[in-house]
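Student: any chance you can model this:
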Amino acid sequence: MTRTRTAVVIGGGIGGLTAAAALHQSGLRVTVLERAPSLRPVGAAISLSPNALRALDVVGLGDEIRGLAAWQGDGGLRTPGGRWLSRSSAEAAEARFGGPLVLLHRSTLVERLSALLPPDAVRTGADATLADPGDRDRPARVRTPDGELEADLVVGADGIRSAVRRTLFPHHPGTVYSGFTTWRVVIPLPGVEFASHETWGRGRIWGTHPLGDGRVYAYAAAAVAPAGGHVADERAELLHRYGDWHHPIPAVLAAARPEDVLRHDVHHIAEPLPAYHRGRVALLGDAAHAMPPNLGQGGNQAIEDAVVLAHHRQDLAAYTAARLPRTTAIARQAVKVARLNLMSNRAGIAVRDAVIATLSKAGPALFLRGFDGIADWRPPQPPYASRRTQVGEHNER
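Tutor: Residues are numbered from 1 along each chain as shown. Here you go, the predicted model:
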């Protein structure tokens with residue numbers, strides 16, 4: 001009798017669960033070990049671009065997520081006083097990249113991903129340690145409080161402070177502070193109408209977007225040094241930094257409670273890893289290529305990693321070859337965008353805003369070019385696109 005191949009996924013976030021679903025569907029017996037007491041994700045909402053939605057199509061979840069999420073429509077980039085620097089077009093983005101950009105709460109995506117797995121596949125409250133990465137002749141071993149597990153494949157999806165990464169590459173310097181902190185809020189905001197926007201100020205940005213469930217997702221970032229400068233009332237901190245910015249920002253801050261505000265310093269991997277695998281272990285997501293959030297690609301790239309890893313599950317060198325160059329380039333681009341977003345020099349900001357305003361007159365396609373080679377990515381395995389969701393359906397929703 002042929003032995004069923006096994007996989008252990010360390011980390012029950014979006015990337016880990018996508019990998020678990022893809023590996024399960026590939027015929028492996030999968031165990032997900034999540035250290036937290038539940039799968040409740042850290043964070044608020046996640047923006048999914050067409051590349052990630054096509055990856056979710058591979059595990060059969062793309063259409064469901066498109067149906068649950070808010071399709072991001074027209075909006076644009078503004079100054080703190082409210083002047084539009086550029087306007088975005090949902091139709092232009094869909095036409096260029098073959099699909100929409102959508103937004104939903106992370107917990108919704110986690111719930112749908114975990115539902116793709118057998119009921120006994122996920123173990124929460126399981127503090128796992130990589131004991132042996134294994135090699136061609138022996139399985140990898142993962143140590144848990146309940147004993148050791150052997151696996152043909154171990155997936156290190158344990159986030160930005162990945163212990164699996166440190167075990168595989170003990171001499172790698174790890175992450176560095178990106179120089180800024182972020183705040184995120186998801187709240188109901190009844191009766192307040194607004195256009196989706198991102199606003200760039202001096203060393204600060206703010207974004208406000210509607211979710212499909214009637215709530216509003218808002219995020220902010222500010223250049224802050226040193227790291228770790230949290231305060232007792234983060235809502236008051238946001239009021240201090242953004243309270244005099246344009247509508248609907250004051251309305252969001254008025255509706256938010258201190259406990260609604262999440263704050264996290266941003267770190268990224270500045271020096272790329274030499275590989276995304278060693279032995280029978282593969283890294284994905286933030287464990288492999290943590291990047292600033294300014295391109296909105298951190299979670300999207302983790303989802304891509306997951307389906308590519310399932311495709312190359314028997315050849316991890318091919319997985320590294322497929323993912324390391326791409327994610328390294330995107331991570332570097334995210335760092336550059338963060339510097340542009342959070343510029344603090346007044347003269348530089350004036351030039352930046354003037355250039356953006358001038359370019360926007362030529363149409364939204366100029367700004368979409370920055371996502372060429374990112375949002376138009378397709379996975380190595382079919383289906384490459386949803387059978388039911390076509391460009392233009394957004395207008396009928």
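
Student: use CA for all of it now, contacts and neighbours both
Tutor: Will do.

Student: what about the residue nearest to P80 when sequence neighbours are not counted, which SS state?
Tutor: Of all residues not flanking P80 in the chain, W245 sits nearest, at 4.9 Å (CA to CA, 6 or more residues apart in numbering). Following DSSP: H, G, I helix; E, B strand; the rest coil, W245 is assigned to coil.

Student: wait, W245 touches G81, no?
Tutor: Yes - W245 sits in contact with G81 when judged by CA atoms under 8 Å, with a separation of 6.0 Å.

Student: tell me which of those two has more neighbours.
Tutor: More crowded of W245 and G81, by other CA atoms under 10 Å: W245, with 17 against 12.

Student: show me the contacts for that one.
Tutor: 80-82 (CA atoms under 8 Å, 6 or more residues apart in numbering).

Student: try L113
Tutor: So L113 contacts 14, 17-18, 21, 61 (CA under 8 Å, 6+ apart).

Student: helix or strand for it, which one?
Tutor: helix 106-114 (DSSP states H and E).

Student: in that helix, what's buried?
Tutor: By neighbour count on 16 or more other CA atoms under 10 Å, the buried set for helix 106-114 is 106-110, 113-114.

Student: Serialize those to CSV and add fields for pLDDT.
Tutor: Output for these, formatted as CSV (pLDDT from 0 to 100):
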residue, pLDDT
R106, 95
S107, 94
T108, 95
L109, 96
V110, 96
L113, 97
S114, 97
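
Student: closest to P293 among those residues?
Tutor: R106 (14.7 Å; CA to CA).

Student: and the spatially closest residue to that closest one that is not a sequence neighbour, what's its pLDDT?
Tutor: Residue nearest to R106 in three dimensions, not counting chain neighbours: A45, with 5.1 Å by CA to CA, 6+ apart. Note for A45: predicted pLDDT of 95.

Student: where's A45 relative to A126, distance?
Tutor: Going from A45 to A126 by CA to CA, to the nearest Å gives 25 Å.

Student: just V192 next, same as before
Tutor: 43 Å.

Student: looking at these two, which one has more neighbours?
Tutor: Applying other CA under 10 Å to V192 and A126 shows that A126 carries more neighbours, namely 19 against 11.

Student: tell me the SS of the more buried one?
Tutor: Note that with three-state DSSP, the state of A126 is coil.

Student: which residues in the stretch 1-150 of the chain form helices?
Tutor: 14-25, 50-58, 62-68, 90-97, 106-114 (DSSP state H, counting those that start in this stretch).

Student: what's in contact with stretch 333-345?
Tutor: Taking CA under 8 Å, 6+ apart as the rule, stretch 333-345 contacts 200-205, 222-223, 291-295, 349.
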